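Enquirer: just coords:
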């Protein structure tokens, strides 16, 4: 509106045009600052769905004095969702979590494992004998703590040949 | 009596709400539509075949009706449900055995099943009648998003009873997210996202973890699904519904028979 009252010769002057560019620059700078601030804040908010502290219990759990497992063929741990086995080479742990979609497998009388959700079957060593499970049951890393307790790490897997020698 | 009606219609309160005369002629019938918040999403007038049941199946309308049923019963159920491991299962049992209006939970469940069916049938009808074609292609996309949100509402609601079926269904369902490309820790492209030899996508940072708020279904998952189910997803649905209905009108109304 004000522009209409300004004479054309004034509008054409370099000083007038400079003023306008400066005003546009400040306005755009303010707008882009606000936009980038909102963008960065949103990026920060995207971090929120990932909690900083894992709510579940520690992945390393003490299972009991290591002497208790010597010569005991199989010991189930319902809470930890695993079995500890013992053979003449040492101790090993098999996870009860089906490698298909995460249900808990059941150990049968004959030592094989059945998954109730989609019918996967595993032999007594955890190898797949019937699908749809794509991989054998996980072997979990065992170690002995300084106070002589058997420790399992449910986040660390080992090969099927690994045994804890005591 | 006529005098009383006249008095009400002439009162300031009435006139402040309805800012037009009675809809007795064509002009005022149009004004009623245009000034009413709930009707303004709809066209002032539609073609007769636009409401032919054999053509539309009314599946979109039924889906919206079921969404309203879900909202009303859902709000009432929230009064009796606590989303904690300690109480969730018991509260659902109490709805069946103790509270006199526990049948609301059954209505909520059946309406949810029905809504998934009707939203698919609505999509099927739109496909069969070619109503996804220009100029309605954007509304088809909005509809696909609404379908996804409907399925997500079903998925998140499934966990809330916190029984064995719920926990294992969500365990299985969320485990599928492990295989998602780039977003799941066992999906293709997971190896590409490493920084200095450290995997960025692990079982503690992938899509499943964001969904469950943990490595396994637990108390945090229950809380997260409850908030998604009751607040976040319904808000998104409400927003998209408004756009969906608005675009039906702006894109030329319900498409006619070919």
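Expert: Good, I have the coordinates. If you're wondering where the values come from, they're calculated on a predicted model, not measured in any experiment. Numbering: from 1, shown residues only, chains lettered A, B, ... in the order given.
Enquirer: what about residue A:91, neighbour count?
Expert: Counted with other Cβ atoms under 10 Å in any protein chain shown, residues neighbouring residue A:91 total 23. The way it works is simple: take the backbone N, C-alpha and C, and place the C-beta from them, glycine included.
Enquirer: and the longest strand for chain A?
Expert: The residue-count maximum for a strand in chain A (DSSP state E) belongs to strand A:149-158.
Enquirer: Neighbouring strands - and their directions - for that one?
Expert: Paired neighbours of strand A:149-158 in the sheet (DSSP bridges): strand A:60-65 (antiparallel), strand A:139-144 (antiparallel).
Enquirer: List the buried residues in it.
Expert: Across strand A:149-158, burial judged by 16 or more other Cβ atoms under 10 Å in any protein chain shown covers A:150, A:152, A:153, A:154, A:158.
Enquirer: Most tightly packed of the strands paired with strand A:149-158?
Expert: Highest mean neighbour count among the strands paired with strand A:149-158 (mean count of other Cβ atoms under 10 Å in any protein chain shown): strand A:139-144, with a mean of 19.
Enquirer: show me where pLDDT drops low in the stretch 51-200 of chain B?
Expert: Judged against pLDDT under 70, the stretch 51-200 of chain B has no low-scoring part.
Enquirer: And the helices in it?
Expert: Ranges of helices in the stretch 51-200 of chain B, per DSSP state H, counting those that start in this stretch, are B:53-56, B:59-78, B:88-97, B:103-128, B:137-159, B:164-175.
Enquirer: Export these to a markdown table and append columns for distance to residue B:217 and mean neighbour count.
Expert: As requested, the helices of the stretch 51-200 of chain B are exported to a markdown table (distance: least, Cβ to Cβ, whole Å; neighbours: other Cβ atoms under 10 Å in any protein chain shown):
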| stretch | distance to residue B:217 | mean neighbour count |
| --- | --- | --- |
| helix B:53-56 | 40 | 12 |
| helix B:59-78 | 21 | 18 |
| helix B:88-97 | 12 | 16 |
| helix B:103-128 | 20 | 17 |
| helix B:137-159 | 7 | 17 |
| helix B:164-175 | 5 | 18 |
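Enquirer: how about the residues of chain A near chain B?
Expert: By Cβ under 8 Å from any Cβ of the partner chain, the residues of chain A that approach chain B are A:49, A:50, A:51, A:54, A:55, A:56, A:100, A:101, A:102, A:103, A:117.
Enquirer: rewinding a little: could you pull up the mean pLDDT of the longest strand of chain A?
Expert: The average pLDDT within strand A:149-158 is 90.
Enquirer: what residues does it touch?
Expert: A:59-66, A:68-69, A:80-82, A:84, A:91-93, A:95, A:138-145, A:164 (Cβ atoms under 8 Å, 6 or more residues apart in numbering or on different chains).
Enquirer: Please repeat the previous calculation with a cut-off of 10 Å.
Expert: Applying Cβ atoms under 10 Å, 6 or more residues apart in numbering or on different chains, the contact partners of strand A:149-158 are A:54, A:56-69, A:75, A:77, A:80-82, A:84, A:91-93, A:95, A:97, A:138-145, A:164, A:166, B:202-204, B:215.
Enquirer: number of nearby residues for the nearest residue to residue A:90 once chain neighbours are set aside?
Expert: Nearest non-adjacent residue to residue A:90, counting by Cβ to Cβ, 6 or more residues apart in numbering or on different chains: residue A:163, 3.2 Å away. If you count neighbours by other Cβ under 10 Å, residue A:163 ends up with 17.
Enquirer: Could you do residue B:217 as well?
Expert: By other Cβ under 10 Å, the residues close to residue B:217 number 25.
Enquirer: Might you report the residue contacts of it?
Expert: For residue B:217, the contact set (Cβ under 10 Å, 6+ apart) comprises A:102, B:159, B:162, B:166-175, B:211, B:225.
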